[in-house]
Structure formats: C-alpha cells, structure tokens
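>>> this one's structure only:
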C-alpha cells in the first residue's frame, strides 16, 4: 500500500503485484482494441464503508481466470483507492496512479461500466483510458427513474421498453435500445406500453441513453448484447463492508 498527499487530501492506494499482473494482462494493445474478450472494466465508489472516507474499487475482466460453470471471465478487483474526498480531482488522481502502475503505454482500456456520475469522466482522462467507451449501469438508470418521480410500475415498464426481456430460451427480445438506428429506437418507444410521464422521462434523456447503452455502444464496448450493470464491482465493495462489520 502506498500513501500520497494531493491538494491537502489523503489518498491511499492498494494494488498488489498479483493485482497489477491481472490489470496489465487484461488490457488490450492499442493496435488490437477489437478484441471483445479483453479491456473490459467496472468502477464503483462506496460512501458508507468507513466514516469520513470513500472507497473506490476498479476491476477488470481477467484474461486468464474464468468461472468454472459458466466459462465467463472473472471480474477481479485490481486497484482500490481510499480517499477523504470524492470528486473529479480524486478520480483523475486514481486514473493517473493506474497509468504509473501499468507502465506499458501501448496498453489500453476498451470500456468502463459505472454509474452516471460526471466525476468518472475525469478517471477516463488517464492515458490508458484513451479511446475507452463509457457505459452506464442499467440498474442505476432505473434508480434514477424512481428518484425522478416515476412509480415502481412505471419504471419497470420503461426499463422493459428500453431493454426488452429474456425469453424461455435465454434470448433477448424487444427493447428500443436493442435496435440498430435512432429512427427504429424512437419508433419502438412510440409503440411501447408506458405512461406519458415515463415516456417523457426517457425521451428527455434519449441521446445519452443511446450513446451509453444502445446496442452499437455495447458492442463497441465489448459487452455484446448483454444488458450492462456494475453489479460485480459493487459486490466487491459490499464484501469489504461485510468483512469490516464482522471484525
């Protein structure tokens, strides 16, 4: 663990040799960013782990480690920052720290899934994030709907209108954001069974939803057709919190 002081705020970083190796091996070469299996990351910040401190966890889908049953890549935490502030400057500093850890300037991140906070844009200014696609967590979209005054039923209907549903064969069916072009997306929403209030909420944010959650954005990010969430990295923060409470 190394300690640094920056603009009067303390930042503590943890990234072991093992974590660094997973980080480096999971990134993609600048000339080979079409590799859909690699360079995929998630970032989460928790405010309730320790009083007065914020814990930011950055995780990568490991190139070499997979779940035995599903065969999917394991998302491994590769760096943790504990800071006294959570803002754009802190996120920029986190990204710069990882630039130093990576060393190889030809390695790049392909995509970052996180919630909609603007501070994460500063993290993406790191050199290794150059050209990375930012993807919003779909579950935070639903949370924003509820905070924006939609009922649970309205939010559920809007989410289905945007993302569709999974049929009995495990196939993704429907969903405006699964269409290939903006015209088809708008037509799908016009035909959707949602309230006027939910429709207005979606339409006000449609350009951003397409940019960060549309089918083409997800494919560019290496996520395929799956509906993106930052659940796996949030679970790491939850486990840290549970461990702390048991001590």
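Ah, there it is. Note that the coordinates shown come from a computational prediction; the quantities given were computed from them, not determined experimentally.
>>> Let me know the secondary structure of residue 113.
Per DSSP: H, G, I helix; E, B strand; the rest coil, the secondary structure class of residue 113 is strand.
>>> and the longest strand for this structure?
strand 53-66 (DSSP state E).
>>> hang on, residue 212 packs against residue 138?
No - using CB atoms under 8 Å, residue 212 is not in contact with residue 138; the gap is 9.8 Å. C-beta coordinates here come from the backbone N, C-alpha and C atoms, glycine included.
>>> neighbours of residue 191, just the number please.
For residue 191, the neighbour count with other CB atoms under 10 Å is 9.
>>> re the thing from before, for the longest strand of the chain, the distance to its chain's centre please.
Taking CA atoms, centre = their mean, to the nearest Å, one finds strand 53-66 lying 11 Å from the centre of the chain it belongs to.
>>> how about the helices in the protein?
Along the chain, the segments classed as helices by DSSP state H run 17-26, 88-102, 120-123, 138-147, 152-163, 182-191, 196-204, 206-213, 215-220, 231-246.
>>> In contact with the residue most central in space within the chain, which residues?
Closest residue to the average C-alpha location of the chain: residue 113 at 1.5 Å, with CA atoms, centre = their mean. Taking CB atoms under 8 Å, 6 or more residues apart in numbering, we find residue 113 in contact with 40-43, 135-137, 221, 223, 228-230.
>>> Kindly tell me how buried the closest residue in space to residue 138 that isn't next to it in sequence is, as a neighbour count.
Residue nearest to residue 138 in three dimensions, not counting chain neighbours: residue 227, with 5.1 Å by CB to CB, 6 or more residues apart in numbering. For residue 227, the count of nearby residues is 19 (other CB under 10 Å).
>>> Touching, residue 227 and residue 162? I think so.
No - in this structure residue 227 lies outside contact range of residue 162 using CB under 8 Å: 9.3 Å.
>>> mind giving me the domain ranges of this structure?
According to automatic domain parsing, the chain comprises the domains 2-137+229-246, 138-220.
>>> where among those is the average confidence lowest?
Within the domains of the chain, confidence is poorest for domain 2-137+229-246, with a mean of 81 (mean pLDDT).
>>> Pull the distance from that one to the chain's centre.
Averaged C-alpha coordinates place domain 2-137+229-246 at 10 Å from its chain's average position (CA atoms, centre = their mean).
>>> Buried residues, stretch 42-53. List them.
If you call a residue buried by 16 or more other CB atoms under 10 Å, then stretch 42-53 has these buried ones: 42-46, 49.
>>> Please disregard the earlier target; I meant stretch 180-187.
Here stretch 180-187 shows residue 185 as buried, counting by 16+ other CB under 10 Å.
>>> can you tell me how far residue 107 sits from residue 100?
Distance, residue 107 to residue 100, using CB to CB, to the nearest Å: 13 Å.
>>> and if you look at residue 113?
To residue 100, residue 113 is 23 Å away according to CB to CB.
>>> same thing with residue 135?
Distance from residue 135 to residue 100, by CB to CB: 25 Å.
>>> Between the two, point out the one with more neighbours.
When residue 135 and residue 100 are compared for neighbours, residue 135 comes out ahead with 26 against 11, by other CB under 10 Å.
>>> The more buried one contacts residue 112, correct?
Yes - applying CB under 8 Å as the test, residue 135 and residue 112 come out as touching, 6.9 Å apart.
>>> Hmm, residue 233 is touching residue 44, no?
Yes - here residue 233 reaches residue 44: they are 4.5 Å apart, a contact under CB under 8 Å.
>>> Now do the shared contacts for the two.
Contact criterion CB under 8 Å, 6+ apart; residues shared by residue 233 and residue 44: residue 57.
>>> so who does the closest residue in space to residue 102 that isn't next to it in sequence touch?
Nearest residue to residue 102 in three dimensions, chain neighbours excluded: residue 128, at 5.2 Å (CB to CB, 6+ apart). For residue 128, the contact set (CB under 8 Å, 6+ apart) comprises 27, 95, 98-99, 102, 107-109.
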